[in-house]
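Chemist: Prediction below, plus the sequence it came from.
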Amino acid sequence: MLKGIILLLIFQFLGECFVRFFELIVPGPVIGMVLLLIFLIIRNKSFESLDNAVSLHLRYLPLLFIPAAMGIITQADVIFKEFWAIIISLFFGTIIALAFSAKFIDILTIRKEKSILKKQEKKNLKRANKNEL
């Protein structure tokens with residue numbers, strides 16, 4: 001598990017270096033997690049120690065929401081002042097996210113169906129070739 005935590009910290013560090021070098025506004029840990037994702041996709045499997053470290057962190061993830069909730073409570077006056085802007089932003093952001101997700105799933109479904117049809121065509125051609133012989 002220690003190796004998994006060290007791996008997470010290494011990718012967080014790489015993300016921070018990436019952000020500082022390119023002067024991005026995205027947080028370093030987010031870039032680090034994207035780099036870790038790319039690494040795991042290339043590697044095509046995970047490490048057992050990384051899996052253990054991640055499941056340990058996920059077990060305590062709800063505790064990280066407490067400071068965010070406290071921030072909302074302490075900033076109630078700002079929230080009431082900007083209420084309609086927040087509601088409109090949330091509404092349109094949700095609509096855009098739903099539309100994007102639906103289109104993305106549609107593209108993936110079409111791609112999967114085309115792949116299945118190609119496999120069926122290949123099988124049919126092989127059967128036709130066998131029957132001719």
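Modeler: Structure received.
Chemist: rest of the way, CA atoms for contacts and neighbours
Modeler: Fine.
Chemist: So what touches the helix or strand containing Ala68?
Modeler: In this structure, Ala68 is located in helix 65-74 according to DSSP states H and E. Residues external to helix 65-74 that are found in contact with it (CA atoms under 8 Å, 6 or more residues apart in numbering): Ile79.
Chemist: Stretch 37-50 now?
Modeler: Here stretch 37-50 has contacts from Met1, Leu2, Lys3, Gly4, Ile5, Leu7, Leu8, using CA under 8 Å, 6+ apart.
Chemist: PyMOL command to pick out the buried ones of those residues?
Modeler: To isolate the buried members of the contacts of stretch 37-50 in PyMOL, using 16 or more other CA atoms under 10 Å:
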select buried, resi 4+5+7+8
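Chemist: quick one: which two of the contacts of stretch 37-50 are the most distant?
Modeler: Largest separation among the contacts of stretch 37-50 by CA to CA: Met1 and Leu8, giving 10.7 Å.
Chemist: can you give me the helices for this structure?
Modeler: 2-22, 28-43, 48-59, 65-74, 76-81, 83-132 (DSSP state H).
Chemist: TSV please, covering these and showing mean pLDDT.
Modeler: As requested, the helices of the chain are exported to TSV (pLDDT from 0 to 100):
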stretch	mean pLDDT
helix 2-22	93
helix 28-43	93
helix 48-59	88
helix 65-74	78
helix 76-81	89
helix 83-132	91
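Chemist: ok so, going back, from the chain's centroid, how far away is the helix holding Ala68?
Modeler: Centroid separation for helix 65-74 versus its chain: 24 Å, with CA atoms, centre = their mean, to the nearest Å.
Chemist: just curious, which of the contacts of stretch 37-50 is nearest to Pro27?
Modeler: Of the contacts of stretch 37-50, the one sitting nearest to Pro27 (CA to CA) turns out to be Leu8, at 15.0 Å.
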